[in-house]
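Visitor: 3D model of this:
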Amino acid sequence: MNDTLILPQAEDQRFFDENGYWISPKIIDDDRLGQLRAHMELVHNGIFETGRAPHHGYWKPEDGNVLRKTDNSHWADPVLRGLAADPLIGHIAALLMKADAIALWHDQLLYKPGRPRDGQRPSANVGWHQDYSYWR
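Guide: Next up, the predicted model:
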């Protein structure tokens, strides 16, 4: 993809300053997205290419198709690490925050299923929010 089309502009930085978020244009192509989904499933199935497990949080496979939150998936899988440490995403974050550098502190791999079908448990509906009040 052409980086110049997706980098935030001055009006995007103002929006981020005022609202604390920015909705970007598409920055992950379909092929990479498919690869990321496949590696997410590997991690959810307990297959860790690096040999190191992430923190799985509260989800277990027997819970089925519900919200899954996995902390620090970059420990377990190099493809997921590639997303967490993607230079373009880091560059965008630095531009929005007017920072000289960005460091990876923590990642969360979230799986949020769609609306449930009849007879299924309700899926997780997590509305828009900012986590900074939860983090020190």
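Visitor: From the chain's centroid, how far away is stretch 43-53?
Guide: Here stretch 43-53 is found 17 Å from its chain centre; the criterion is Cα atoms, centre = their mean, to the nearest Å.
Visitor: I misspoke; the intended subject was stretch 92-110.
Guide: Distance, centroid of stretch 92-110 to centroid of chain: 12 Å (Cα atoms, centre = their mean).
Visitor: which residues in this structure form strands?
Guide: Using DSSP state E, the strands found in the chain span residues 68-71, 108-111.
Visitor: Dump these into JSON lines; add mean neighbour count and mean pLDDT as well.
Guide: In this view, the C-beta of every residue, glycine as well, is placed from N, C-alpha and C. Below are those laid out as JSON lines (neighbours: other Cβ atoms under 10 Å; pLDDT from 0 to 100):
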{"stretch": "strand 68-71", "mean neighbour count": "18", "mean pLDDT": "89"}
{"stretch": "strand 108-111", "mean neighbour count": "17", "mean pLDDT": "89"}
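Visitor: Export these to CSV and append columns for distance to D86.
Guide: Below are the strands of the chain laid out as CSV (distance: least, Cβ to Cβ, whole Å):
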stretch, distance to D86
strand 68-71, 18
strand 108-111, 14
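Visitor: closest one to G46 among those strands?
Guide: The closest of these to G46 is strand 68-71. By Cβ to Cβ, the value is 11.1 Å.
Visitor: Find the residue at the geometric middle of this structure.
Guide: By Cα atoms, centre = their mean, the chain has its centre lying nearest to L109, at 5.3 Å.
Visitor: ok, now which ones touch it?
Guide: Listed by Cβ atoms under 8 Å, 6 or more residues apart in numbering, the contact partners of L109 are 40, 43, 54, 68-71, 73, 80.
Visitor: List the beta-bridge partners for it.
Guide: Taking DSSP bridges as the rule, L109 bridges to T70.
Visitor: Contacts only, for the residue nearest to V79 when sequence neighbours are not counted.
Guide: Excluding its sequence neighbours, the residue lying closest to V79 (Cβ to Cβ, 6 or more residues apart in numbering) is H39, at 4.2 Å. By Cβ under 8 Å, 6+ apart, the contact list for H39 reads 49, 77, 79-80.
Visitor: Tell me which residues of stretch 56-64 come out buried.
Guide: By neighbour count on 16 or more other Cβ atoms under 10 Å, the buried set for stretch 56-64 is H56.
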